[in-house]
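Student: give me coordinates for this.
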Amino acid sequence: MSISTTIKSIQDIMRKDVGVDGDAQRIGQLVWMLFLKIFDDKESEYELLDEAYRSPIPDPLRWRHWAADAEGLTGEDLMAFVNNQLFPTLKGMQPAPDDQRGFVIRAVFEDAYNYMKSGQLMRQVINKINEGIDFNKAQDRHLFGDLYEQILKDLQSAGNAGEYYTPRAVTQFMVEMVDPQLGEKVLDPACGTGGFLTCAVEHVRKHGVKTVEDDRLLQSSINGVEKKPLPHLLCTTNMILHGIDVPTHIRHDNTLSRPLIGYGPKDRFDVVVTNPPFGGMEEDGIESNFPATFRTRETADLFLVLIAHLLKEGGRAAVVLPDGTLFGEGIKTRIKEHLLETCNLHTIVRLPNGVFNPYTGIKTNLLFFSKGSPTEEIWYYEHPYPAGAKSYNKTKPMRIEEFAPEKAWWNNRVENEYAWRVAVADIKARNYNLDIKNPHSPDAIAHDPDELLRDYAALQADIAATRDKLKGILAAALEAG
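Tutor: Model (predicted):
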């Protein structure tokens, strides 16, 4: 049975349980079980490599001892074990200071819950997991990586506004362009389920890791923060699947809840890659963590200020932001002015509609900047649809191959039908409105509200003139008749 079929069977079983209500709970239920199975399979690997290895999980609570036997605990006995022993013990673990894996286990289960009510159905789910998935098989691990992305997409479709799955092609392109190196500290301050961080891990492993010591250095360099419990659990699991054995640097927290002044030199990063939530508002009081001139409750704006602050001198960032940030005024203008004064915003890649379908139709942009010198000019690149396509959808998503022209252009920049540059003096003259149309495509749609209002007023004037002209013609015709 394929892994895909296994997961579908598990979801069908969970739908029969009265305690599991909706996609989000079903995914949460599935993921804590998968986490324990994955961790147990990884522990088998650790034990082969290190005879002295000791599990941070008490022996009776290890997956192999309560879940692996298809004829083992079931019914009321299984529910009593899970609810009265497994969850309370893992949530209340008190690891030794040097037991990093123990801290990971506790962090994972602090906000995890068992939603299932039927021990018989839970046993069926557990047996399906055992039958269909072995993470010590390289093939299964590879296939599950693809399936995991589908689970994340399912989560996003069950989530709230502002929580979007970033297409793999976008995360891969952004990471490749900022090019994190071995030993550089990488951060995603709104890491969600870990898409950018896994891309960074793969990129550095491919280009920089040659020894066991190199891999240890990589593992200590990957940092993420996620404020919601289920994405945090998914991210931690995702990190383990990608070979980050002790993902202690994936924190369950809100990066914005710490005063900006509280981030010192040791909190700076070489590389930041992220798709911060946009369209959402932070809770009251969060804005007071920022200087008065930048205070807003809009999440994406606060993250842009934070990212510019967290970069080291010479550090590099790639950030997904909506069109609203580009043309917005007021506090948005002050934030953009600050960004251009402290960082070199060297590139804006303008994505077409539909990249985030079916979650949102909001148009988005990829901003690339480095810390330490002010912006002198901004290069724009308008990413076109592939030949024959008018939008993206679930069956035809954006593909990494589409970014080949940008990659070829990146280090040898010339203006073309998709690329143009704008001097910072022109940006300032526009009051830091960054929503600049492609001059080589005069029919491109503008999103600047002032420009749209001007166009609307001109259209209304044309309509009025045409109406007056028709009235004149009609009056003349009546007089002649």
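Student: next helix or strand past the worst-scoring helix or strand of the chain on mean pLDDT?
Tutor: Using mean pLDDT, DSSP states H and E, the weakest-scoring helix or strand in the chain turns out to be helix 138-157, at a mean of 60. Downstream of helix 138-157, the first helix or strand assigned by DSSP states H and E is helix 168-178.
Student: please save the CA atoms from that following helix in CSV.
Tutor: Coordinates of each C-alpha in helix 168-178 appear next as CSV, following Å, rounded to 0.1, in the frame of the first residue of the first chain:
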residue,chain,number,x,y,z
ARG,A,168,7.5,25.0,-3.1
ALA,A,169,8.7,26.8,-6.2
VAL,A,170,8.6,30.2,-4.5
THR,A,171,10.4,29.0,-1.3
GLN,A,172,13.1,27.3,-3.4
PHE,A,173,13.7,30.3,-5.6
MET,A,174,13.9,32.7,-2.7
VAL,A,175,16.4,30.5,-0.8
GLU,A,176,18.5,30.0,-3.9
MET,A,177,18.7,33.7,-4.5
VAL,A,178,19.8,34.6,-0.9
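Student: which helices and strands sit right next to it?
Tutor: Counting contacts by 3 or more Cβ pairs under 8 Å, 6 or more residues apart in numbering; DSSP states H and E, helix 168-178 is packed against helix 195-207, strand 269-274, strand 311-322, strand 364-371, helix 404-410. Where C-beta positions appear, they are placed from N, C-alpha and C, glycine not excepted.
Student: how about JSON lines for those, with distance to L230, mean neighbour count and mean pLDDT added?
Tutor: Shown next, in JSON lines, are those (distance: least, Cβ to Cβ, whole Å; neighbours: other Cβ atoms under 10 Å; pLDDT from 0 to 100):
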{"stretch": "helix 195-207", "distance to L230": "15", "mean neighbour count": "21", "mean pLDDT": "95"}
{"stretch": "strand 269-274", "distance to L230": "19", "mean neighbour count": "25", "mean pLDDT": "98"}
{"stretch": "strand 311-322", "distance to L230": "21", "mean neighbour count": "20", "mean pLDDT": "96"}
{"stretch": "strand 364-371", "distance to L230": "24", "mean neighbour count": "22", "mean pLDDT": "97"}
{"stretch": "helix 404-410", "distance to L230": "33", "mean neighbour count": "13", "mean pLDDT": "97"}
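Student: and the ones you listed as CSV, adding distance to M122?
Tutor: Shown next, in CSV, are those (distance: least, Cβ to Cβ, whole Å):
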stretch, distance to M122
helix 195-207, 29
strand 269-274, 36
strand 311-322, 38
strand 364-371, 40
helix 404-410, 47
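Student: who are the packing partners of the helix or strand where L30 lies?
Tutor: If you go by DSSP H and E, L30 is part of helix 22-49. Counting contacts by 3+ Cβ pairs under 8 Å, 6+ apart, helix 22-49 packs against helix 3-15, helix 63-66, helix 100-110, helix 119-132, helix 138-157, helix 229-241.
Student: now the element after the second one, going C-ward?
Tutor: Sequence-wise, the next helix or strand beyond helix 63-66 is helix 75-81, with elements assigned using DSSP H and E.
Student: show the average pLDDT along that following helix.
Tutor: Averaging pLDDT along helix 75-81 yields 97.
Student: packing partners of it?
Tutor: Helices and strands touching helix 75-81, by 3+ Cβ pairs under 8 Å, 6+ apart, are helix 119-132.
Student: run through who's touching the helix it packs on.
Tutor: 1-3, 5-7, 9-10, 13-14, 16-17, 30, 33-34, 37, 67-68, 70, 72-79, 82, 116 (Cβ atoms under 8 Å, 6 or more residues apart in numbering).
Student: same check, this time on stretch 59-66
Tutor: Outside stretch 59-66, the residues that touch it by Cβ under 8 Å, 6+ apart are 36-37, 39-40, 43, 55, 72-73, 81, 85-86, 89-90.
Student: one step back: buried sites along the helix holding L30?
Tutor: 24-43 (16 or more other Cβ atoms under 10 Å).
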